[in-house]
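Trainee: coordinates only, sequence not included:
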C-alpha cells in the first residue's frame, strides 16, 4: 500500500509539473525541442483569421526562418504578389513573441506566439483598427 501511495504521489507531481510547462496558449504542453529548434524551417500559411473569422486566405504569407536570426518572408494579397524580402528575427526574453524586421530597420514588428510545435505555428497580431489577426502555418 505504501508503494502505491508513493507511485500515485510521483504521478500527480509529474502531471502538475508537465502541465505547467507550456509557454504557449495552445501548446504544446511538453516538448524536448527548444523554441529555436522548433521554429527553424519554412512555414506556409494555412489559415488567416480576423477576429476569429476565416478570411479565405485573402493574405497569404510564407516564412523561412534560419537558426542564425535571418530569413525571408513572402506576402501575397489576393492575386498581388508582394515579393520576397529578407528579414531578421528573434524571440523576446520569455520566447512568447516572435519579433522580426527588415535588415537595417530600427524597430521590430511583434507577433504573439499562440502555438509552436515542430509542425505548426500560430501567430497573433493585435491591430488597433482591424482587430485581432491570427495566422496559422504548417512547416514544409
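Mentor: It's in. From a predicted model like this one, the values you see are computed outputs, not experimental measurements.

Trainee: so what's residue 40 up against?
Mentor: For residue 40, the contacting residues are 65, 66, 67, by Cβ atoms under 8 Å, 6 or more residues apart in numbering. Yep, even glycine has a C-beta here, placed from its N, CA and C like the rest.

Trainee: let me know the pLDDT of it.
Mentor: Per-residue pLDDT puts residue 40 at 96.

Trainee: one more: residue 133?
Mentor: For residue 133, the predicted pLDDT is 93.

Trainee: out of the contacts of residue 40, who's the most crowded?
Mentor: With neighbours taken as other Cβ atoms under 10 Å, the top of the contacts of residue 40 is residue 65, carrying 22 neighbours.

Trainee: how many neighbours does residue 123 have?
Mentor: By other Cβ under 10 Å, neighbour count at residue 123 equals 22.

Trainee: and of the contacts of residue 40, the nearest to residue 112?
Mentor: residue 65 (16.4 Å; Cβ to Cβ).

Trainee: residue boundaries of the helices in this structure?
Mentor: Ranges of helices in the chain, per DSSP state H, are 2-19, 35-39.

Trainee: other residues contacting the last one?
Mentor: Applying Cβ under 8 Å, 6+ apart, the set of residues contacting helix 35-39 from outside is 23, 31, 65, 67, 91, 95, 98, 113, 116, 117, 118, 121.

Trainee: thinking again about what came up before, which of the contacts of residue 40 fall within strands?
Mentor: residue 65 (DSSP state E).

Trainee: now the contacts of residue 40 in TSV, please, with extra columns for pLDDT.
Mentor: Listed next are the contacts of residue 40 as TSV, based on pLDDT from 0 to 100:
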residue	pLDDT
65	97
66	97
67	95
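
Trainee: out of the contacts of residue 40, flag the one nearest to residue 109.
Mentor: Checking those one by one against residue 109 (Cβ to Cβ), the nearest turns out to be residue 65, at 14.3 Å.

Trainee: now the nearest residue to the closest one once chain neighbours are set aside: how far from residue 32?
Mentor: Distances taken as Cβ to Cβ, 6 or more residues apart in numbering put residue 71 closest to residue 65, at 4.4 Å, once the chain neighbours are dropped. Distance of residue 71 to residue 32, computed by Cβ to Cβ, to the nearest Å: 24 Å.
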